[in-house]
Each structure stands twice: as C-alpha cells, then as structure tokens.
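In: Fold the following.
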Amino acid sequence: MPQIDTDALLGAWRGAADTMDEFDVLRGLVESQARLSPEDDTRAARARAALFDGDPVAALDILGDVGEIDLDTASVSWADVVAVGARAAQGDADALGALHRLGQGLQGSVAVAHGYLLARVAELAGEHEVADATWHLLKEIAPGTTLLTRRVLVVDTLARSTTDADAATRRVGATARTLVELVPAPEDGPRHVVEVVRALEERGDPAGARLVLEAIVAMRPTATEVVALRDARATPEQWWRERLPGLVATGVAAVLVTVGILASWPVWVPALAAVVSLVVWKRWRLPHTPGLSATDARVLAYIRGWLPDAAEDIGAGRRRVGLAITGAAVGFVAGALVMGVVTEGLLADLYATHAREVDAVAWALVLLAAFLGGVGAQRLLRRPLATATQQLVERQRAAVEEECSRCTCLRTVGIRGRGADVYLTRHLTGAAKDVAALAPQIPGATVSVHQCPMSRTPWLAVRRPGYETLVLRGVLAHVEEEATPQATTGGYL
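Out: Prediction:
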C-alpha cells in the first residue's frame, strides 16, 4: 500500500523555509528530518542550519572532529566549507579569509549559497565590512528575500551622507518606504522595523535608527507600535531654539510692515522684511536634539515636513501646496473677521478718528495670521490626514485578503503575516490524519498541518511568539511500502 513520502514532505517544507530565510524554522525542520532518517548523513545540513541560526558552536559539535581543512585545494566538501565557516564565526581570521577566497569565480546558485554563508559568518564574527559588501552582492544575484532586504537597508542607512542633508534624506526615506511596503506592514506588526532599528543601534548609529522611525511615523502615523518605538527613543528637544528665532523674525516683520505703512516708507522695505522673516522661519527651524549631527538635524526637519500616505494620493507637492493655500485662506479669513469685530466694535471710537493707522495695524495682523495659517496647516492637519492613511491601509489589507483567499499552491512556497492568517482561515482545511501526524517539532513554535481543499497540498503553519504567522508549502508524494519477505520451508514449485 502506498505511503506518504515523509522525506519529500519535510524536504519541501525545509526548502520553503530556506527560500524565505526563516533560519530558526529551517533548523527545526532539518533536525526533524534527521531524526526520521537516522541512516542518512545529514551533518552538513544540520550544521549549516545551526550556523545560520547563529550557533557556530553547535555547528562544529554536529560535524565532529573534522581536523585541519584546506579550502584552497580542489577537493572540498560542503561539510568542510561549513566547518571552516563555523570556525570563522568564532573569530578565526584565517578561516574567514579562506572562506572569502573560496567564493572567487563562483556563479549562479553556488555563488548565492556561498554568499549567504560568508555574510552570515562575517556578521557573527563582527566583520561588518565583509558582511556589508556580501549582502550588497547578494542583492544583485539572489532573490530579494525579507532578511536580505533588511540587511541591505541597514547597510544603506549607515552609509548615508554626513554632509549632504538632501542625499541623506533620500536614503533614510528609501529605507522607511521599503519597510512600509514589506510584509507584514508596520500596522500589522513592527518586527521588520524593530530588526532594522536594533541593527542600526548595535552598529553605533542610534541617530539613524531614530531618523528611520521618524520617517515611518511621518508616512504611516497609523502604525501605533512604531509610534511607541519612536517615542521611547525621543530625547528632550530645545524647542525654543527651534521656534523662537522664526517667531521673533515674523513679529519684527509685522512691526516693520505696520510702521512702513504709517510712515509711508518705500514698498520694498516692508516687502524685504517679510522675505527675511520667511527665510529665517524656514532656515532656522532645525531640531536641536542631543545625538543628532547638524546634517541629521536637517534631515529630521525635512522628515517632519512630510505628509502621511493617503489612499487618493495626488502627489506630495500638490498636497503640500493645497494645504498651504487652505491654511493661509483660513488664517486670512479668521484674521479679517477678528479685526473687523475689533475695529467696528471694541475700537470703534479710535477707528473713527484714526482709521488709517488702525487699518495699517489690522491688515498687518491679518497678513501675519494668513502667513502663520499657511505655515502651520501641514502640522495642524496631520491628525485629520491620518484618516486618509487608515483608508489606504484598509485598502491594502483588503487586497491581501482577496489574494490569499484563493489557492496559491502554484504561485508561492510560503506566506507570512496577515496573508498567512487569511489563507489558513479562508482557504486551507484541516489535514488528513496520516498527513497531520507528520507535523515536525520546531523549538519555540507551535506547528500544525493543513491541506489545500483542491490539490490536497500539505501546508505547515508555524506560529512563534513575537513573529507573524508563517505557512510553508509542502508536497504530497507517495512511495510503495516495502514488501515484507515471507518465510519459506523449501521445496519445489
């Protein structure tokens, strides 16, 4: 009677975890497969999984006494390569150099396998220069997995300009935008954001971590967990140094405009005062925060001027101009109404005898209100704009739910996040008893087996504390049960 090919099923789940760079899950699956097939030599695979999971000591223990290994010879096994990698991860510089040389001239999937090993080993050894260069190389030759994307984002953010605020802002903005678009989105789980922020802080760049958080919050104020991460890292700001010069310049400009009108000064004098006040307002408003360089402070100022993502996005430039015009119009109307009430009511007697002087002061204040309204509109309307951001998030969630409500057996080897939850509840069904009995053991995780109702393809659901739900596609293959030899008593047929 045909039996389920357990080795093929576990191998498929293992391959899916490997493809998605889920190294802790991969390690559990490799160990489960090794226990079911003790006659197979799985030491190299087990050691590689342990090494990728950050445990080089266990990797060497699995391989046993391998002795001296020379990777510069022609005959080298994969087990030898993993053993050298495990030694390099523990600080052996000669082993790291040999592993680095081994990758010269490799192509295709072999180059990708070697690159992942070299990058991970260099990370564990603290050789960030080698790791960073290798992650960037993998970005060009390997599929863009989530882990690879996060590593490259860290490298790029660390390399942002220290002198050009515009270039640094583009780099930080690109990092934040990529994190917003990863699965799961920041609103559904901050794990990717936390991984990047933690890596930046461990690499000695808390300013970069804060800028990335500020940028994500500016784009997605609805990501409440990211907002909490940002707030937890906030430092006291000397707000008066940021705001006082601009406010003083604006007040002086208003006084000069008033005096200019009353004293019949040339038109260019009050106009120049208004221009100077605007320049001071724009240029001086840099956050004065401990730990930020002058360039990073300017980056933070740029970020705080961004508008949240919206479902109906007409472009950041147009939205900014529209808000400024709206704010200026509201300020102008409010100022005119207040001045009308004051001049026609409270100061009616004064206005009757000094109309020209009162008009000069009143119009200067109205224009000041219009200016402040135009400048402050973006900040004042940020909270109402969060509603449009939430609409965008809901629209993206609906798209994910629609896609993951249908069979994906032919299109993907795994799903994570909200899509995985939807796939489990809306499409997959409970597995048959003989399939469910093959669920592997993964330390620290709760696993369950499900099947596609159409193809009967087995899917492994993995749930871990602090991680989003993960589902991995397997294969349903059968092998013939080996016949048991029957005892005979001799004789002829």
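
In: Can you tell me the element the closest residue to residue 14 other than its chain neighbours falls in?
Out: Excluding the flanking residues, the one nearest residue 14 by C-beta to C-beta, 6 or more residues apart in numbering is residue 29, at 4.3 Å. Bear in mind the C-beta positions are built from the backbone N, C-alpha and C, glycine included. Assigned by DSSP states H and E, residue 29 falls within helix 23-36.

In: I'd like the next helix or strand past that helix.
Out: According to DSSP H and E, the helix or strand after helix 23-36 is helix 43-52.

In: and that following helix with helix 23-36, angle?
Out: Using axes from the mean of the first three to the mean of the last three C-alpha atoms, to 10 degrees, the inter-axis angle of helix 43-52 relative to helix 23-36 is 160 degrees.

In: if we can go back for a sec, I figured the residue nearest to residue 14 was touching residue 16, is that so?
Out: No: Residue 29 is beyond contact range of residue 16, at 9.0 Å (criterion: C-beta atoms under 8 Å).

In: Who has more neighbours out of the two?
Out: The residue with more neighbours, out of residue 29 and residue 16, is residue 29; 29 against 23, by other C-beta atoms under 10 Å.

In: Specify the local secondary structure of residue 136.
Out: What DSSP: H, G, I helix; E, B strand; the rest coil gives for residue 136 is helix.

In: Number the chain from 555, please
Out: Okay, residue one is now 555; in that scheme the one you just asked about reads as residue 690.

In: from memory it sits against residue 709, does it?
Out: Yes: here residue 690 reaches residue 709: they are 6.3 Å apart, a contact under C-beta under 8 Å.

In: Okay, the residue nearest to residue 568 and residue 590: tell me how far apart.
Out: As judged by C-beta to C-beta, to the nearest Å, residue 583 and residue 590 stand 11 Å apart.

In: what sits in contact with each of these two?
Out: residue 564 (C-beta atoms under 8 Å, 6 or more residues apart in numbering).

In: Show me where the stretch 605-754 of the chain has its helices.
Out: 610-617, 632-643, 647-656, 662-679, 682-695, 700-712, 719-735, 745-756 (DSSP state H, counting those that start in this stretch).

In: and the shortest one, what other elements does it pack with?
Out: Read that as helix 610-617. Using 3 or more C-beta pairs under 8 Å, 6 or more residues apart in numbering; DSSP states H and E, the elements in contact with helix 610-617 are helix 597-606, helix 632-643.

In: Let's see the shortest one as PDB, backbone CA atoms only.
Out: The C-alpha coordinates for helix 597-606 follow below in PDB (Å, rounded to 0.1, in the frame of the first residue of the first chain):
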ATOM      1  CA  ARG A 597      25.500  16.500   9.400                       C
ATOM      2  CA  ALA A 598      26.400  19.200   6.800                       C
ATOM      3  CA  ALA A 599      22.700  20.300   6.500                       C
ATOM      4  CA  ARG A 600      22.300  20.300  10.300                       C
ATOM      5  CA  ALA A 601      25.500  22.200  10.900                       C
ATOM      6  CA  ARG A 602      24.600  24.800   8.200                       C
ATOM      7  CA  ALA A 603      21.200  25.400   9.700                       C
ATOM      8  CA  ALA A 604      22.700  25.800  13.200                       C
ATOM      9  CA  LEU A 605      25.300  28.200  11.800                       C
ATOM     10  CA  PHE A 606      22.700  30.300  10.000                       C
END
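
In: how far is that helix from where the chain is centred?
Out: Put simply, helix 597-606 sits 28 Å off its chain's centre (C-alpha atoms, centre = their mean, to the nearest Å).

In: burial count for residue 608?
Out: Neighbours of residue 608 using other C-beta under 10 Å come to 15.

In: can you check residue 1016 too?
Out: Neighbourhood size, residue 1016 [other C-beta under 10 Å]: 26.

In: For it, grab phi and psi.
Out: As for residue 1016, its main-chain torsions (degrees, to the nearest 10) stand at phi -120, psi 120.

In: next one: residue 998
Out: Per degrees, to the nearest 10, the backbone of residue 998 is at phi 80, psi 10.

In: Skipping its backbone neighbours, what lies nearest it in space?
Out: The shortest distance from residue 998 to any non-neighbouring residue, by C-beta to C-beta, 6+ apart, is to residue 1018 (6.0 Å).

In: And residue 1024, by the same measure?
Out: Per C-beta to C-beta, 6+ apart, closest to residue 1024 is residue 1016, 4.4 Å.

In: pretty sure that neighbour contacts residue 1026?
Out: Yes: counting by C-beta under 8 Å, residue 1016 touches residue 1026, with 7.0 Å between them.

In: intersection of neighbour lists for the two?
Out: Residues touching both residue 1016 and residue 1026 by C-beta under 8 Å, 6+ apart: residue 579.

In: Buried residues, the helix holding residue 583. List them.
Out: 577-588 (16 or more other C-beta atoms under 10 Å).

In: closest to residue 609 among these?
Out: Nearest to residue 609 out of the buried residues of helix 577-590 is residue 581 (C-beta to C-beta; 8.2 Å).

In: what's the pLDDT at the residue nearest to residue 568?
Out: On pLDDT, residue 583 comes in at 94.

In: related to what we said a few turns ago, so which of the helices of the stretch 605-754 of the chain is nearest residue 859?
Out: helix 719-735 (10.1 Å).

In: how far does the helix or strand hosting residue 780 sit from the chain's center?
Out: Using DSSP H and E, residue 780 sits in helix 778-786. For helix 778-786, the gap between its own C-alpha mean and the chain's C-alpha mean amounts to 14 Å (C-alpha atoms, centre = their mean).

In: Determine how far stretch 953-966 lies from the middle of the whole chain.
Out: Once both centres are worked out by C-alpha atoms, centre = their mean, stretch 953-966 turns out to sit 23 Å from its chain's centre.

In: Could you list the buried residues of it?
Out: Per 16+ other C-beta under 10 Å, stretch 953-966 contains these buried residues: 954-955, 958, 962, 966.

In: Test of understanding: give the bridge partners of residue 1017.
Out: Judged by DSSP bridges, the bridge partners of residue 1017 are residue 1000.

In: okay, stretch 577-585 in PDB with CA atoms only?
Out: C-alpha atoms of stretch 577-585 as PDB (Å, rounded to 0.1, in the frame of the first residue of the first chain):
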ATOM      1  CA  PHE A 577      16.600  30.100   9.700                       C
ATOM      2  CA  ASP A 578      15.200  29.100  13.100                       C
ATOM      3  CA  VAL A 579      12.300  27.200  11.400                       C
ATOM      4  CA  LEU A 580      14.800  25.700   8.900                       C
ATOM      5  CA  ARG A 581      16.900  24.400  11.800                       C
ATOM      6  CA  GLY A 582      13.900  22.700  13.400                       C
ATOM      7  CA  LEU A 583      12.900  21.100  10.200                       C
ATOM      8  CA  VAL A 584      16.400  19.800   9.400                       C
ATOM      9  CA  GLU A 585      16.600  18.300  12.900                       C
END
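
In: What is the burial count for the nearest residue to residue 666 once chain neighbours are set aside?
Out: Distances taken as C-beta to C-beta, 6+ apart put residue 696 closest to residue 666, at 4.6 Å, once the chain neighbours are dropped. Neighbour count of residue 696, defined by other C-beta under 10 Å: 17.
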